[in-house]
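>>> Here is a sequence with its predicted model. Questions after.
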Amino acid sequence: MDQERIELEVRLNKIKASIIGYLSSPEFAFPLERQGLVSNGTTTYVYKNNSTYPNLFEFISELLHKPIPIVLEGAKFGPGEIIVNGDSIKAVRGELSHCVIELQKLIKKP
């Protein structure tokens, strides 16, 4: 029984490392719709095809010990949308890129 448990833990740790590697890679990008919805000083981006990612955000939340939505500087990352402070498209895109990079750094930390 202990051997099975050890093997399972090894497999789970490999899966976890694979997910962390993917999320923290330079090629990673959230699959967002191109246009955001601007309202009351924030811009909201939804995921393509109105997809949601509750399991992914539960994983990230546990990994970072942060509640969902995951708040980083000027952005809130949630399973159904990302909300960025600001209403200037150029500034918001820059802030979103910055916050994604910050999120990746946090995910990558051992």
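Received it, and whenever you're ready, just let me know what you need.
>>> from here on, contacts and neighbour counts on C-alpha atoms
OK.
>>> So what's the gap between the helix or strand encompassing Lys14 and the chain middle?
Assigned by DSSP states H and E, Lys14 belongs to helix 2-23. Relative to its parent chain, helix 2-23 has a centroid offset of 20 Å by C-alpha atoms, centre = their mean, to the nearest Å.
>>> For the residue nearest the centre of the chain, which residues are in contact?
For the chain, the residue nearest the mean C-alpha position is Phe77 (6.0 Å; C-alpha atoms, centre = their mean). Applying C-alpha atoms under 8 Å, 6 or more residues apart in numbering to Phe77 gives the contacts 68-71, 83.
>>> change it to 10 Å
45, 57, 68-71, 83-84, 96, 99-100, 103 (C-alpha atoms under 10 Å, 6 or more residues apart in numbering).
>>> for Val100, same thing?
Taking C-alpha under 10 Å, 6+ apart, one finds 23-24, 28-30, 72, 75, 77, 94, 106 in contact with Val100.
>>> Tell me the spacing between it and Pro67.
17 Å (C-alpha to C-alpha, to the nearest Å).
>>> circling back to that earlier point, quick one: which of the contacts of Phe77 is the most crowded by neighbours?
Highest neighbour count within these: Val84, with 26 neighbours (other C-alpha atoms under 10 Å).
>>> Provide the secondary structure category for that residue.
Assigned with DSSP: H, G, I helix; E, B strand; the rest coil, Val84 falls in the strand class.
>>> For the closest residue to it other than its chain neighbours, the count of nearby residues, please.
Nearest non-adjacent residue to Val84, counting by C-alpha to C-alpha, 6 or more residues apart in numbering: Ala75, 4.3 Å away. As a burial measure, Ala75 scores 24 neighbours (other C-alpha under 10 Å).
>>> Nothing else from me, thank you.
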